[in-house]
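> Below is the structure, and that's it, no one-letter string:
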């Protein structure tokens, strides 16, 4: 993560490693120059050279990427309707995908940052890596045209595009978990999220619980609320599928009777079970105190249906009187 402009030699080395060949190396330099560096550069008294940040190239690269990926899916999926094509394109050009590819390309070590952003580790942020990928594509388009731009996208995103074209877009864990529990008659899950570790640079660590009614059914950690919730949904879904194969559920009443057989671990009850859970996420320990979570997934929601059933019976008895 340099805090000064690259030399021509450094740019040529990066160019060779990425399989690129620019006519105008200044475009590659610009694509790697973060706005934070530009602000510090302009404040220096000894500067006479004018440079530009990557922002305009990001704008151009974003548009070029949309066009190229849309064209690839259009050709590979002649029977797909507009909705499916849009979903496929969105999945490929989203921040997480581009940041992942940029990391594999080693771009984080070449983004020119201001000193403050450098110290905060900005080059590892998904948003910064996404922007760098788009800026490089924009530079390729200006320097070499559409043919080379398509080749670059195919080289860097081709496997992902082919997988989505053949297998479709995998649903995110939250959507998949919601469909799964609703299929078996459970209410829609909710998520309770909190900060586990707050950092001065804004890169906080979050934990989330997947909730059915008032029961915690899955836990996860992540460096954003969204990632923590998805991790919680993934854990809850795995446990749900494991438990659902043990006992099929037909009604809430059946659920209550069947689930009582699961119980908690020996020597513990839903009220007193107490365990310490640690999960590692990106090298950071997410430690949470986990009370009453040692039971199987369905046992943790059995009381919800039992209480609902009792309330319904009371209500019916009141009407009959």
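Good, I have the coordinates. Please read all numbers here as calculations on a predicted model, not as lab measurements.

> Show the pLDDT at residue 243.
The score at residue 243 is 78. That number is its pLDDT.

> what about it, neighbour count?
Using other C-beta atoms under 10 Å, residue 243 has 19 neighbouring residues. (C-beta placed from N, C-alpha, C; glycine too.)

> which strands and helices sit next to the strand or helix carrying it?
In the assignment (DSSP states H and E), residue 243 maps to helix 225-244. If contacts are counted by 3 or more C-beta pairs under 8 Å, 6 or more residues apart in numbering; DSSP states H and E, helix 225-244 sits against helix 173-183, strand 190-197, strand 205-212, strand 215-222.

> hmm, who's touching that helix?
Outside helix 225-244, the residues that touch it by C-beta atoms under 8 Å, 6 or more residues apart in numbering are 172-174, 176-177, 180-181, 184, 189, 191, 193, 206-210, 217-222, 262, 281, 296-298.

> isn't residue 24 right up against residue 144?
No: using C-beta atoms under 8 Å, residue 24 and residue 144 do not qualify as a contacting pair, with a distance of 9.8 Å.

> Mind listing what's buried along the strand or helix carrying residue 30?
Taking DSSP H and E as the definition, residue 30 sits inside helix 25-31. Going by neighbour count (16 or more other C-beta atoms under 10 Å), the buried part of helix 25-31 is 25, 27-31.

> repeat for stretch 189-197
Of the residues in stretch 189-197, those buried (16+ other C-beta under 10 Å) are 189, 191, 193, 196.

> Can you read off the pLDDT for the third one?
Here the pLDDT value assigned to residue 193 is 92.

> which residues of this structure fall in helices?
In the chain, the helices defined using DSSP state H lie at 8-17, 25-31, 35-43, 55-76, 82-93, 95-105, 115-119, 126-144, 146-167, 173-183, 225-244, 252-259, 299-320.

> Tell me the one among the buried residues of stretch 189-197 nearest to residue 6.
Sorting these by distance to residue 6 puts residue 196 at the head of the list, at 37.7 Å, by C-beta to C-beta.

> Quick check: the gap between that closest one and residue 137.
Residue 196 sits 36 Å away from residue 137, going by C-beta to C-beta, to the nearest Å.

> And for residue 223?
Using C-beta to C-beta, residue 223 is found at 26 Å from residue 137.

> one step back: deepest in the core, which of the helices of the chain is it.
Compared across these, helix 126-144 shows the largest average neighbour count, a mean of 23 (mean count of other C-beta atoms under 10 Å).

> Quick one: distance of that one to the chain centre.
Offset of helix 126-144 from its chain centre (C-alpha atoms, centre = their mean, to the nearest Å): 21 Å.

> pLDDT score for residue 287?
46.

> Residue 198 too?
pLDDT, residue 198: 75.

> Hmm, it is touching residue 206, no?
No: when contacts are counted by C-beta under 8 Å, residue 198 is not listed as touching residue 206 (9.8 Å).

> Pick out whichever of the two has more residues nearby.
residue 206 (23 against 10).

> List the residues that contact the more buried one.
Residue 206 makes contacts with 193-196, 221-225, 227-228, as judged by C-beta under 8 Å, 6+ apart.

> same deal with residue 85?
By C-beta under 8 Å, 6+ apart, the contact set of residue 85 is 70, 73-74, 77.

> which residue packs closest to residue 87, ignoring adjacent ones?
residue 169 (5.3 Å; C-beta to C-beta, 6 or more residues apart in numbering).

> cool, residue 96 as well?
Nearest to residue 96 is residue 126, by C-beta to C-beta, 6+ apart, at 6.3 Å.

> mind listing what the one you found touches?
By C-beta under 8 Å, 6+ apart, the contact set of residue 126 is 95-96, 99.

> roughly how far apart are the closest residue to residue 148 other than its chain neighbours and residue 14?
Nearest residue to residue 148, sequence neighbours excluded (C-beta to C-beta, 6+ apart): residue 140, at 5.5 Å. For residue 140, the distance to residue 14 (C-beta to C-beta) stands at 13 Å.

> for residue 77, same thing?
Relative to residue 14, residue 77 is positioned 34 Å away (C-beta to C-beta).

> where are the low-confidence patches of the stretch 101-250 of the chain?
Along the stretch 101-250 of the chain, the parts satisfying pLDDT under 70 run over 200-202, 246-250.

> Recalculate using a threshold of 90.
By pLDDT under 90, the low-scoring segments of the stretch 101-250 of the chain are 108-109, 113-126, 166-188, 195-205, 212-217, 222-227, 237-250.

> Residue 27 reaches residue 142, doesn't it?
Yes: with contact defined as C-beta under 8 Å, residue 27 reaches residue 142; the gap is 5.9 Å.

> what about residue 170, how many residues close to it?
That count, for residue 170 with other C-beta under 10 Å as the rule, works out to 11.

> Spit out the contact partners of the closest residue to residue 117 other than its chain neighbours.
Ranked by C-beta to C-beta, 6+ apart and with sequence neighbours excluded, the top spatial neighbour of residue 117 is residue 36, at 4.2 Å. By C-beta under 8 Å, 6+ apart, the contact list for residue 36 reads 113-114, 116-117, 122.
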